[in-house]
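>>> no FASTA, just this:
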């Protein structure tokens, strides 16, 4: 931590700052300049808060030097982390497309969806059994039976499954059904009790960005998971809320390189929820891969016109196949594979 003293600070003011640093078990380094004196707190600065010093006489400002998110920070590890899902790497050279319907509806729908996912060349399957909806009257998902339909469709086709966990009380059920990747949705990004619990399990976790979350808040949410011992975290940019109403959300492409600069963990992008319209998905997906995304969760329904949820943003099986073909070209251009 660095504490900058006011130019009018007295010797007593400086001594008080040094004493507080020592009381916390740290040592100090005092640098006296022509106009300012700067005090460096040397040691584990987590014991100190900038606010503790900024209220003291003679202090102009105080700031952390080490980032508050320690485990997920790039400073904690050289190179990039690759999260393995049943042997499938997320964060390596290969870009992974996680495709499937917004919601699990029927066994027949899931069988058709799984077949389309595999035929398109995708290696993981998504599907919502529990759905967080704005309206309490909207379809909320099939629940536990939805998990069974998803597994029964995906397993015979060797497709690991990704599905959203909303309630900490359902975590044991997710483990019982052997969900491969637990997704924490945007609305639960700062559900700290939920984050702490998934931090205790040995399962990959996709952490979606909150609707209006800053990168720092997103990183700190991931730190909650990592602090529990689970470092298999995948960040997912899914669009943020702005003043614009022409589309569902604004895909923050800038977040991809910015986040990758801060963390060693993989970053994927959800183009379906970002645009909210199927015709937008290919352009957003291509842009995300060009910007460095490690993967793409993409919504696809065997018959979008009959989808029970988010029909507007679901691709058809043929559109998914076409997208995969387009992605190969962009991936090759940036030195990646699909």
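Happy to help now that I have it. All values reported here derive from a predicted model rather than from experimental measurement.
>>> first-to-last residue distance for stretch 125-142?
In stretch 125-142, first residue to last residue: 17 Å (Cα to Cα, to the nearest Å).
>>> dump the residue contacts of residue 256.
Contact analysis of residue 256 by Cβ atoms under 8 Å, 6 or more residues apart in numbering lists 237, 267, 269, 288, 291-293. For glycine as for every other residue, the C-beta is placed from the backbone atoms N, C-alpha and C.
>>> with residue 176 instead?
Residue 176 sits next to no residue when contact means Cβ under 8 Å, 6+ apart.
>>> and for residue 51?
With contacts defined as Cβ under 8 Å, 6+ apart, residue 51 is in contact with residue 62.
>>> returning to what we had before: out of the contacts of residue 256, list just those in strands.
Under the assignment DSSP state E, the contacts of residue 256 contribute 237, 267, 269 to strands.
>>> any idea how far residue 249 lies from residue 86?
Shown here: residue 249 relative to residue 86, a distance of 30 Å by Cβ to Cβ, to the nearest Å.
>>> neighbour-wise, which of those two wins?
residue 249 (20 against 13; other Cβ atoms under 10 Å).
>>> so the more buried one touches residue 243, yeah?
No: contact between residue 249 and residue 243 fails when scored by Cβ atoms under 8 Å: they sit 12.0 Å apart.
>>> quick one: the helices in the stretch 51-200 of the chain, in order.
For the stretch 51-200 of the chain, the helices defined by DSSP state H, counting those that start in this stretch cover 107-120, 144-154, 171-176, 192-198.
>>> now the spatially most central residue of the chain: which helix or strand?
Central residue of the chain (Cα atoms, centre = their mean): residue 235, 2.4 Å from the mean position. Using DSSP states H and E, residue 235 maps to strand 233-237.
>>> and that strand, what's buried?
233-237 (16 or more other Cβ atoms under 10 Å).
>>> could you do stretch 185-203 as well?
If you call a residue buried by 16+ other Cβ under 10 Å, then stretch 185-203 has these buried ones: 185-186, 188-191, 194-195, 197-199, 201, 203.
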